[in-house]
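Following is a predicted model, sequence given first.
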Amino acid sequence: MERSLSLGPLLPPYEPLSEAREAEGLPPSIAVSVEPPPPPPPRDHLAWSLCTTIYGNVCCLGFLALVFSVKARDRKVLHDYSGALSYGSTAKYLNITALLLNIFLVILIIALMATGTIAVMNLYHHQQEQPESV
């Protein structure tokens, strides 16, 4: 038994157009223009600014970063991407500055506590070595 596959209606065989034959009887061609996707909107760094404001508001830099982040978000909603980029980058640099100052202050406090502890221990040992005079 022969099995035949049915692929739908049979198409006429392919025939290239001869130069003498016109393309009048053929359907019109369709041109589709492909545009690149729009660039993503700039970041506003709102969550980072909020964390900086709550946890490390050194010299009010976290609050300033939060203000610029909100301005960047407003500009983004209005589709002013250049303004949003400007405000967003300002918020980013304020967040970075606040983060570096926070790290420096934590290291400074740890160093001062360590040296203070060492000084107190030396003073304690120095008093233990001297005989008590009455």
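Noted; the coordinates are in hand. Residues are numbered from 1 along each chain as shown.

what helix or strand is the residue most central in space within the chain on?
Centroid-nearest residue in the chain: R43, 5.9 Å away (criterion: C-alpha atoms, centre = their mean). Under DSSP states H and E, no helix or strand contains R43.

That one contacts G88, correct?
Yes: taking C-beta atoms under 8 Å as the definition, R43 is a contact partner of G88 at 5.5 Å. For every residue, glycine as well, the C-beta is placed using N, CA and C.

Report the distance from the helix or strand encompassing Y93 to the chain centre.
Y93 is located in helix 81-129, with elements delineated by DSSP H and E. Taking C-alpha atoms, centre = their mean, to the nearest Å, the mean C-alpha location of helix 81-129 is offset from the chain mean by 25 Å.

Can you check which residues contact both of R43 and G88?
Common neighbours of R43 and G88, counting by C-beta atoms under 8 Å, 6 or more residues apart in numbering, are A72.

what's the closest non-adjacent residue to L101?
V58 (4.4 Å; C-beta to C-beta, 6 or more residues apart in numbering).

what residues are up against the one you found?
98, 101-102, 105.

Buried subset of those residues as a PyMOL selection?
To isolate the buried subset of the contacts of V58 in PyMOL, counting by 16 or more other C-beta atoms under 10 Å, use the following:
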select buried, resi 98+102
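
Output the contacts of V58 in JSON lines, with pLDDT and distance to Y14 appended to each entry.
Below are the contacts of V58 laid out as JSON lines (pLDDT from 0 to 100; distance: C-beta to C-beta, whole Å):
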{"residue": "A98", "pLDDT": "96", "distance to Y14": "70"}
{"residue": "L101", "pLDDT": "96", "distance to Y14": "74"}
{"residue": "N102", "pLDDT": "95", "distance to Y14": "72"}
{"residue": "L105", "pLDDT": "95", "distance to Y14": "78"}
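
For the residue nearest to the centre of the chain, give its distance to A65.
13 Å (C-beta to C-beta, to the nearest Å).

Count the neighbours of T97 for me.
T97 has 17 neighbours, counted by other C-beta atoms under 10 Å.
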